[in-house]
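Participant: following is a predicted model, sequence given first.
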Amino acid sequence: MHPIQQRIYALVHLRGHRKFHSLRELGNAIGEHHPQKVKHHLQQLEKMGLIEMDWSNYQIEPKQRRGKPGKAEAISIPILGAANCGVATLLAEERPEGVLMVSRTMVKSPQKKLFALKAVGDSMNQAKVNGQDSIEDGDFVIIDEEDRHPRDGEYVLSIINGSANIKRFSQDKANNRIVLHSESTENFAPIFIHAEDNPDYFINGKVVSVIKAAKQIES
């Protein structure tokens, strides 16, 4: 998929039904300033069955890409930047950077509203997402943005002072606080959040799957 198509699809997939006043407005939203290029790539996305386009008012309906009959079904997940697995320092901005194509069987709850982030750091390299998957530097972490009420032991995407962070969640009810735990081969201290720290802290979704980074094979 062309990078412009990836940015368009990630944008409309994230927001759902999207309506723009012009091709130029849509182009500005994805960093492309040539309306005819935007139109061309919208048409290509239509042909691929990834969007439905109402050209009379520039309204775009995103669709899931599906595999061919007899082959594993694939889904498209927008990539929205990166999240720290250590100290929360990466700003939590919804910046569509592309689309991750994965087999439906690789993603838990594929019918949910999902997005992907690239993990940065090693503080979760001993995690056990779904009982087995660690989160290593460079992995894609799949987030269910509609699930913001985790149970103890689940992995969450937290926003701390405007920065994104991935940790294991637990509640310390005796001290009226949330504890965010690292699970790493290195020694990382927990993060303690008082229950009343709002809006400086909130949960932006639950980790549902990890897509491991591709390993380069040395010749």
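Facilitator: That came through, no problem.

Participant: map the structural domains onto the sequence of this structure.
Facilitator: 3-62, 74-211 (automatic domain parsing).

Participant: format those domains as a markdown table; extra columns: mean pLDDT and mean neighbour count.
Facilitator: The C-beta positions use only the backbone N, C-alpha and C, and glycine is treated the same way. Output for the domains of the chain, formatted as a markdown table (pLDDT from 0 to 100; neighbours: other CB atoms under 10 Å):
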| stretch | mean pLDDT | mean neighbour count |
| --- | --- | --- |
| domain 3-62 | 83 | 17 |
| domain 74-211 | 87 | 18 |
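
Participant: which residues sit against stretch 120-133?
Facilitator: 82-86, 90, 108, 134-137, 155, 166-168, 182-186, 188, 207-210, 212 (CB atoms under 8 Å, 6 or more residues apart in numbering).

Participant: among those, which lie within strands?
Facilitator: 82-84, 90, 155, 166-168, 207-210 (DSSP state E).

Participant: from the residues you listed, which single one is nearest residue 142?
Facilitator: Nearest to residue 142 among the ones in strands among the contacts of stretch 120-133 is residue 209, at 4.1 Å by CB to CB.

Participant: my guess is that closest one meets residue 107, correct?
Facilitator: Yes: counting by CB atoms under 8 Å, residue 209 touches residue 107, with 4.9 Å between them.

Participant: what touches both of the two?
Facilitator: residue 142.

Participant: who touches the helix or strand in which residue 8 is found?
Facilitator: According to DSSP states H and E, residue 8 maps onto helix 3-15. With contacts defined as CB under 8 Å, 6+ apart, helix 3-15 is touched by 1, 18, 26, 29-32, 37-38, 41-42, 44-45, 50-51, 60-62, 76-80, 94, 96-99, 115.

Participant: for the helix or strand hosting residue 77, list the C-alpha coordinates in CSV.
Facilitator: If you go by DSSP H and E, residue 77 is part of strand 74-84. What follows is strand 74-84, C-alpha atoms only, in CSV (Å, rounded to 0.1, in the frame of the first residue of the first chain):
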residue,chain,number,x,y,z
ALA,A,74,-6.4,-10.3,7.1
ILE,A,75,-7.4,-7.1,8.9
SER,A,76,-6.1,-3.6,8.7
ILE,A,77,-5.0,-1.8,12.0
PRO,A,78,-3.9,1.8,12.0
ILE,A,79,-0.5,2.6,13.4
LEU,A,80,-0.6,5.6,15.7
GLY,A,81,3.0,6.2,16.7
ALA,A,82,4.9,4.7,19.6
ALA,A,83,4.6,4.2,23.4
ASN,A,84,7.3,4.0,26.0
